[in-house]
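Enquirer: The following block contains a protein sequence and its predicted model.
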Amino acid sequence: MAEFCSQCSPQQSVDVINLYEIAIKLKEGQSESFYCSGCNNRTLFKDESGNIYLGKIIDGVGHLQPVKLDDLKPQ
Ligand SMILES: [Zn+2]
């Protein structure tokens, strides 16, 4: 079954990869990978200082983009 992350989920009833919940569970230095069918989001990573990064695959190349917890909260 297709899964969508909470940033691009078309509706609430489908299985949603909740980026906010993943982010708050991550420990420093940990990352968690997932597969979103709707967008390029693939990984969440928290560095040793507690900064959170969203990993995207764009044209086959991974990009880490800093994000804030608030940005990951479902709308
Ligand atoms: Zn997505």
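Expert: Here it is on my side, so go on. Numbering: from 1, shown residues only.
Enquirer: near the ion, which residues of this structure show up?
Expert: Within the chain, the positions near the ion by Cβ under 5 Å from the ion are 5, 8, 36, 38, 39, 41. Placement of C-beta: from N, CA and C, glycine included.
Enquirer: For the residues you listed, work out which two are farthest apart.
Expert: Greatest spatial distance among those (Cβ to Cβ): 38 and 41, at 8.5 Å.
Enquirer: neighbour count winner among these two?
Expert: Neighbours were counted for residue 38 and for residue 41 using other Cβ atoms under 10 Å; residue 41 has more, 21 against 15.
Enquirer: okay but that one is in contact with residue 5, surely?
Expert: Yes: the pair residue 41 / residue 5 is scored as a contact, 5.0 Å apart, by Cβ atoms under 8 Å.
Enquirer: who touches both of these two?
Expert: Taking Cβ atoms under 8 Å, 6 or more residues apart in numbering as the criterion, residue 41 and residue 5 both touch 19, 34.
Enquirer: related to what we said a few turns ago, quick one: which of the residues of the chain next to the ion sit in strands?
Expert: 5, 41 (DSSP state E).
Enquirer: so where do the strands sit in this structure?
Expert: 4-5, 16-17, 31-33, 41-46, 52-58, 61-67.
Enquirer: Tabulate these in a markdown table, adding columns for mean pLDDT.
Expert: Below are the strands of the chain laid out as a markdown table (pLDDT from 0 to 100):
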| stretch | mean pLDDT |
| --- | --- |
| strand 4-5 | 92 |
| strand 16-17 | 90 |
| strand 31-33 | 97 |
| strand 41-46 | 97 |
| strand 52-58 | 96 |
| strand 61-67 | 96 |
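Enquirer: Now that we have the ones you listed, can you turn them into CSV and tack on distance to residue 74?
Expert: Converted to CSV, the strands of the chain look like this (distance: least, Cβ to Cβ, whole Å):
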stretch, distance to residue 74
strand 4-5, 10
strand 16-17, 8
strand 31-33, 17
strand 41-46, 14
strand 52-58, 15
strand 61-67, 14
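Enquirer: In the protein, which helix is the longest?
Expert: As assigned by DSSP state H, the longest helix anywhere in the chain is helix 19-25.
Enquirer: tell me which residues in it are buried?
Expert: 19, 20, 22, 23 (16 or more other Cβ atoms under 10 Å).
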